[in-house]
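Participant: When you get a sec, could you give me coordinates for this:
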Amino acid sequence: MFMNKSLLTTIALSVLIITISVIFLTREGELLHGEHTHSIDTSHADEVHVHGDFRLYIGDERIRFTDDKYQSSTAHAHHVSLHFHDGNDEVIHRHADGVTLAQFFDSIGLTLTDDCLTVDTGVNYCSNDTDTLMLIVNGERVTTVTEYMFAEEDRILVYYGDASNPKIKEYVDSVTDLACLYSGTCPERGTPPTEGCGLTCDVTDFEDEPAWWQTWK
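Facilitator: Okay, the predicted model is just below:
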């Protein structure tokens, strides 16, 4: 029994559509997982995980944030998109675009403006004739403090005190470069640390993932 011409045409068109779809999806997969280089500082599928190294000095005193009250955890998140965690106050984690360092300070009980720093005891440190509030990122001063949103692996120093203090350079240089470990951009230094903030902070173990994921992630 022979099929009529209309049925044969329908079958042929269906096969053609399926073939084109398979080719397209295969090619799209190659582009997505084989050729696309992921930029960590850009949202992909609404996922952002950016890390910045950080230190704060008031005069010659380093202010620490290792206490639990400054750290986000499964039980308590100060900010859904900005946080310290696991007792580490050297690296800030950012999980959204459009959120600023000033918002991070606010989330842990401090206030940061272009001219003033208010700590969680209520004491104000404002720029005046003798002391200056300074935000120094990657060795360069940032004057629009409230607008600053840190990028991947920025090294951030917030300093309040004498602007001519010769130790400022020492403090700038003391800001760690640990962010790359969390980002997986310095694999020669080891596997990304396991992150236990209980939010959206799981870092892929690059050594256990297929090659295409290492490229895309």
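Participant: Near D120, how many other residues are there?
Facilitator: D120 is flanked by 12 other residues according to other Cβ atoms under 10 Å. Any C-beta I mention is one placed from the backbone N, CA and C, and that applies to glycine too.
Participant: my read: it touches G109, true?
Facilitator: Yes. Here D120 reaches G109: they are 3.8 Å apart, a contact under Cβ atoms under 8 Å.
Participant: following the lengthiest strand in the chain, which helix or strand comes up?
Facilitator: When the chain is parsed with DSSP state E, its longest strand is strand 50-58. Downstream of strand 50-58, the first helix or strand assigned by DSSP states H and E is strand 61-63.
Participant: Identify all contacting residues around that next one.
Facilitator: Strand 61-63 is touched from outside by 55-57, 119, 171, with contacts defined as Cβ atoms under 8 Å, 6 or more residues apart in numbering.
Participant: Would you mind listing the two of these that lie farthest apart?
Facilitator: Across these, the longest distance by Cβ to Cβ is 17.4 Å; it joins V119 and Y171.
Participant: Look at the closest residue to E153 other than its chain neighbours and report its pLDDT.
Facilitator: Leaving aside its sequence neighbours, E153 sits nearest to A179 (Cβ to Cβ, 6 or more residues apart in numbering; 4.5 Å). Predicted confidence (pLDDT) for A179: 93.
Participant: what does H79 give?
Facilitator: 81.
Participant: for it, what are its contacts?
Facilitator: Applying Cβ under 8 Å, 6+ apart, we find H79 in contact with 72, 99, 103-104, 107.
Participant: Run through the strands of the protein in chain order.
Facilitator: Going by DSSP E, the chain shows strands at 50-58, 61-63, 71-72, 82-85, 88-94, 111-112, 116-118, 124-126, 132-137, 140-142, 155-161.
Participant: ok, of the contacts of H79, which come out buried?
Facilitator: 72, 99, 103-104, 107 (16 or more other Cβ atoms under 10 Å).
Participant: if we can go back for a sec, now, of the contacts of strand 61-63, which are buried?
Facilitator: For these, a burial check counting by 16+ other Cβ under 10 Å picks out 55-57, 119, 171.
Participant: Now those residues in TSV, please, with extra columns for pLDDT.
Facilitator: TSV is the format used below for the buried ones among the contacts of strand 61-63 (pLDDT from 0 to 100):
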residue	pLDDT
R55	98
L56	98
Y57	98
V119	97
Y171	98
